[in-house]
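**Student:** Sharing a model that was predicted from the sequence below.
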Amino acid sequence: VLLAVCASLLLSIVAASPAIAVPEYNESGPAGTASVSLRPFGQGQLALSYTFVNTQGATATEITLTPVGLNSDASTYSYGGNRASGMVIYPYVEGEEVSVGLHVIFLTPVGVQDNSANPIVVSYPR
Amino acid sequence: MISRTAIPTLVGDLLSGTSEQVAWVVWPLEVYPSGCLVRLRLAPEGAWQEYEDFRTLAATVQPLEGLDRERIVLEADLGELRHVWSRLPNRAAEPATGEPWEHAWTVEYWWPRRQWSGDTLTLTWPVRNFRVILPVDHEGMAAAATTAPPGRAEL
């Protein structure tokens, strides 16, 4: 039961997607922290940064980034251990409204948990 | 004042080679007063072996039931080193980007100072018949662990 509760808390970190997509997403809870941002990075580029730190049982994390309006393909990154952190640079046309969806999968002692029903979305300019 | 215990001293050289169609590299050891961090990368050569699910890919760096032979293991005289972090490859058949780690494992292990023994580490990946003996500078590690990092001003 305890493990199930931990898994539930873990999922809640990434499942609490904002009602309106924003350039920054930050959540902190008993299972760890999630932080994502989409910011200008030099001329004609945007940088997506993400950090997930788990403190309750997840031993591996897989993150799939799905850009919308950025003329880039989806990409997947995987990590072993309790932290996943990275940055991806996208080409950007000034004035466009764009977004990136983050599908996060945690491998936990009780199985695979993911936020596919409610992925995190960050957008730019707002 | 920044804690000096968080600032490592590098010991040894960058080691690299290829064995059983796996190119490998081991960074100089990051030595701290309480132990050292061993960072390495393994990049299989030839046709990419696709991982059909995340669990199988994760089994390359952590013990998962029924997938024992998949795991990359680093051992010292006194036993297995603890895996602390890894950047795993893209499990899809084709890389989404040209980043050099798309099809490579970058793995970090912690070697506590109290378990420093012997002059080698053994890196194995059973499912690929991969086995490499890595020399370590035991004396250099001991000296670095007890000496302040060079070239850093007191803050």
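**Tutor:** Thanks, I have it. Residues are numbered from 1 along each chain as shown, chains lettered A, B, ... in the order given.

**Student:** what bits of chain B have low per-residue confidence?
**Tutor:** B:1-4, B:93-98, B:148-155 (pLDDT under 70).

**Student:** With just CA atoms, put the lengthiest helix in chain B into CSV.
**Tutor:** What stands out as the longest helix in chain B, according to DSSP state H, is helix B:138-146. Taking Å, rounded to 0.1, in the frame of the first residue of the first chain, the C-alpha atoms of helix B:138-146 are listed here in CSV:
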residue,chain,number,x,y,z
HIS,B,138,45.4,4.3,-6.1
GLU,B,139,48.2,6.4,-4.6
GLY,B,140,47.1,9.5,-6.7
MET,B,141,43.6,9.1,-5.5
ALA,B,142,44.7,8.9,-1.8
ALA,B,143,46.9,12.0,-2.2
ALA,B,144,44.1,13.9,-4.0
ALA,B,145,41.5,13.0,-1.3
THR,B,146,43.7,14.5,1.4
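
**Student:** Can you pull out the residues in contact with that helix?
**Tutor:** B:9, B:11-12, B:29, B:31-34, B:36, B:113, B:116, B:118-119 (Cβ atoms under 8 Å, 6 or more residues apart in numbering or on different chains). (Glycine included, C-beta is placed from N, CA and C.)

**Student:** For residue 92, grab the count of nearby residues.
**Tutor:** Looking at chain A here, since you left the chain open. 23 (other Cβ atoms under 10 Å in any protein chain shown).

**Student:** Let me rephrase: I mean chain B.
**Tutor:** 16.

**Student:** Near chain B, which residues of chain A are found?
**Tutor:** Counting by Cβ under 8 Å from any Cβ of the partner chain, the residues of chain A close to chain B are A:59-60, A:62, A:73-83, A:88, A:105, A:107, A:112.

**Student:** rewinding a little: which one of the contacts of helix B:138-146 is nearest to residue A:124?
**Tutor:** residue B:32 (39.4 Å; Cβ to Cβ).

**Student:** wait, doesn't that closest one sit right on residue B:11?
**Tutor:** No: counting by Cβ atoms under 8 Å, residue B:32 does not reach residue B:11; the two are 10.9 Å apart.
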